[in-house]
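Asker: model the following, please.
(one chain, ligands or ions: 2)
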Amino acid sequence: MQYKIATLPGDGIGPEIVDQAIKVLKAIGEKYGHSFDFQFALTGAAAIDKVGEPYPDATHEICMAADAVLFGAIGDPKYDNDPKAKVRPEQGLLGMRKKLGLYANIRPVATFPSLIDKSPLKNDRVEGADFVVVRELTGGIYFGQPRGRTEDQKTAFDTCVYSVDEIERILKLAFEYAGKRNKRLTVVDKANVLASSRLWREVSQRMEKDYPEITVDYMFVDNAAMQLIQWPKKFDVMVTENMFGDILSDEASVITGSLGLLPSASVGLHTSVFEPIHGSYPQAAGKNIANPVATILSAAMLLESFNLLDEARKIKDAVNASLDANFVTEDISKEASKSTSEVGDWVADWVKKN
Ligand code: IPM
Ligand code: MN
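Answerer: Residues are numbered from 1 along each chain as shown. Ligands and ions are numbered 1, 2, ... in the order given. Got it, this is the predicted structure:
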């Protein structure tokens, strides 16, 4: 089969890590007889520099016409300290999510047996932890109107908005996801304070009846943040609104020992996007030191979306083998300190040979 993959490297370490995922996908293609047609497109600060906007129409068209999007990272420090910047690279990512209708972000968190000692938590707390954060991605305070400043510039405001339809579609996905796993769903909200959270709870309680096989519990987000660190093994599928999900998934990622390991899939109305959960790590850009594993594992999730399950498994096995062999970048082991491209080559070779 031939697959069209819109490839958006973005900023910072984005291009380097995406290169490694491409290498690995090419190795899979050779082995299993698929061809992947990588169509490159601009996004983020790289796109602002070239065409003045972070998610140009040309990029959107390439994404819409593709079978999947492989995304690197977005963000450039030159914008971070300029609160008055008119366009920001992050608007590219948010624009893409909105225009592709990517209402669900799926962030699996599983510990890697050979890295158990890298976790900041005690071994017995993390061994076997395996859960998924399902984050709503196109609503809430990230997009709600009104937002902005009063005319005198002395007050600023953002609005958290959710409709029943938006809540239902993300919860449906989460209930079904839990159904394919261990049948436990934790709905995270702040229903003791927020009206939007109370609506989430109301909708979820109504939907529970349609999924009698799923055990549902409700947790306030502050409590969830604590329980996640204390008892990560307690969770199976966790579903929550956009900003809570942003925060909890970063928190969850350190349980595995490095932010550089975790992939994600964003799915919704149009083409799905696969990207590492980490950012553009500008301090490392161009140095060939960043960990490519999260992006390589995102490529595995991409293959799963094509139902190429053996191929996806092969990538995961290759990554596990590289971790077992301690063939890793400096974030995992200062002594090993392999480069980004060395790790990419190693994983691609393993795929070819096994
Ligand atoms: C993420 C990132 C983005 C977000 C930023 C870069 C806009 O942190 O994908 O988690 O907040 O959603
Ligand atoms: Mn984030």
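Asker: CA atoms for contacts and neighbours, from now on please.
Answerer: Noted.
Asker: how about Asn105, secondary structure?
Answerer: Using DSSP: H, G, I helix; E, B strand; the rest coil, the secondary structure recorded for Asn105 is strand.
Asker: give the bridge partners for it, please.
Answerer: Arg135, Ser266 (DSSP bridges).
Asker: wait, it sits on Val273?
Answerer: No - Asn105 sits out of contact with Val273 when judged by CA atoms under 8 Å, with a separation of 9.2 Å.
Asker: three-state assignment of the closest residue to Tyr55 other than its chain neighbours?
Answerer: Excluding its sequence neighbours, the residue lying closest to Tyr55 (CA to CA, 6 or more residues apart in numbering) is Gly92, at 4.5 Å. On the three-state scheme (three-state DSSP), Gly92 is labelled helix.
Asker: the helices in the stretch 1-150 of the chain, which residues?
Answerer: 14-32, 44-51, 57-65, 77-80, 90-99, 123-126 (DSSP state H, counting those that start in this stretch).
Asker: export the last one to PDB, keeping only CA atoms.
Answerer: Provided in PDB are the C-alpha atoms of helix 123-126 (Å, rounded to 0.1, in the frame of the first residue of the first chain):
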ATOM      1  CA  ASN A 123      10.200   1.300  41.800                       C
ATOM      2  CA  ASP A 124       7.300  -0.400  43.500                       C
ATOM      3  CA  ARG A 125       5.000   2.600  42.800                       C
ATOM      4  CA  VAL A 126       5.700   2.700  39.000                       C
END
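Asker: helices or strands up against that helix?
Answerer: For helix 123-126, there is no helix or strand it packs on, judged by 3 or more CA pairs under 8 Å, 6 or more residues apart in numbering; DSSP states H and E.
Asker: mean confidence score for it?
Answerer: Averaged over helix 123-126, pLDDT sits at 92.
Asker: kindly report the same for the second one.
Answerer: Helix 44-51 shows an average pLDDT of 94 in the prediction.
Asker: same deal with the longest one?
Answerer: Model confidence over helix 14-32 averages 98 on the pLDDT scale.
Asker: then the fifth one?
Answerer: Averaging the model's pLDDT scores along helix 90-99 yields 94.
Asker: show me which residues of that helix are buried.
Answerer: Across helix 90-99, burial judged by 16 or more other CA atoms under 10 Å covers Glu90, Gln91, Gly92, Leu93, Leu94, Gly95, Met96, Arg97, Lys98.
Asker: report the angle between the axes of that helix and helix 44-51?
Answerer: Here the directions of helix 90-99 and helix 44-51 differ by 100 degrees (axes from the mean of the first three to the mean of the last three CA atoms, to 10 degrees).
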